[in-house]
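>>> I need the structure of the sequence given here:
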Amino acid sequence: MFLIRLECYVIKNLALRWPLIQQILDGGDGTGPEAMSAQTRALRPKNEGAQVARSVCPYCGVGCGQQIFHKNGKLISIEGDPASPISRGRLCPKGSASYELLTHSKRLTKVKYRPPFSKRWEDLELGKAMEMIADRVWESRDRTFTETRDGETLMQTTAIAHLGGATLDNEENYLIKKLFAAGLGMVCISNQARI
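Below you'll find the predicted structure:
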């Protein structure tokens, strides 16, 4: 008799912990605490206790706001920023994948360079790569710069082009236009947002 009572007690306690039974007994609609198990009640948000920095999504030119959650120098998550008047806390699939863009194990973190006629890529230091690019831009400019045409001052080169990213702000685009057009004489300047 004692074992039967013990079994009934155990079964009753198990049944009462089942969310469906709690929902029936409490009369809830199944979306509140009655639908939670002990395990789900103990869950905490992944970004709890993390610091947050506000940023802008790096993909298209819309400028959706992002909240970057980080703790102890480690990226925790990237979410939409509810305070952003543009996206109001929402991110498109590409913006939602920003976390993977920064943390994926196959992400390249070094400059890759393939010398002429080589079949393999080499790692380069960033400073060395920047010097190589600057040298090539300057050499192309010197080789193709036209000061005059038909007696008129021209001061331009058409051998170098610049395609800007849509996430640049107005100030950055202004400086790029000034440097490349007035400084280097480039006439082929456009921006991703126009394409």
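>>> Strands of the protein, start to end?
For the chain, the strands defined by DSSP state E occupy 51-56, 65-71, 74-80, 111-113, 122-124, 146-149, 152-164, 186-191.
>>> Give me the mean pLDDT for the fourth one.
The average pLDDT for strand 111-113 rounds to 94.
>>> for it, the distance to its chain's centre please.
Between the centre of strand 111-113 and the centre of its host chain there is 22 Å, according to C-alpha atoms, centre = their mean, to the nearest Å.
>>> Point to the residue nearest the middle of this protein.
residue 98 (3.1 Å; C-alpha atoms, centre = their mean).
>>> In contact with that one, which residues?
Residues touching residue 98, when contacts are defined by C-beta atoms under 8 Å, 6 or more residues apart in numbering, comprise 57-59, 66, 78, 91. Every C-beta, even on glycine, is put in place using the N, C-alpha and C of the backbone.
>>> buried subset of those?
Using 16 or more other C-beta atoms under 10 Å as the burial test, the contacts of residue 98 include 57, 59, 66, 78, 91 as buried.
>>> between those, which is nearest residue 169?
The shortest approach to residue 169 among these belongs to residue 57, at 13.4 Å (C-beta to C-beta).
>>> Go through the lowest-mean-pLDDT helix or strand in the chain and flag the buried ones.
Across the helices and strands of the chain, mean confidence by mean pLDDT, DSSP states H and E is lowest for helix 19-26: a mean of 72. By 16+ other C-beta under 10 Å, the buried positions in helix 19-26 come out as 22-23.
>>> ok so, going back, out of the strands of the chain, the one nearest residue 22 is which?
Taking C-beta to C-beta as the measure, the strands of the chain were each checked against residue 22, and strand 74-80 came out nearest at 31.1 Å.
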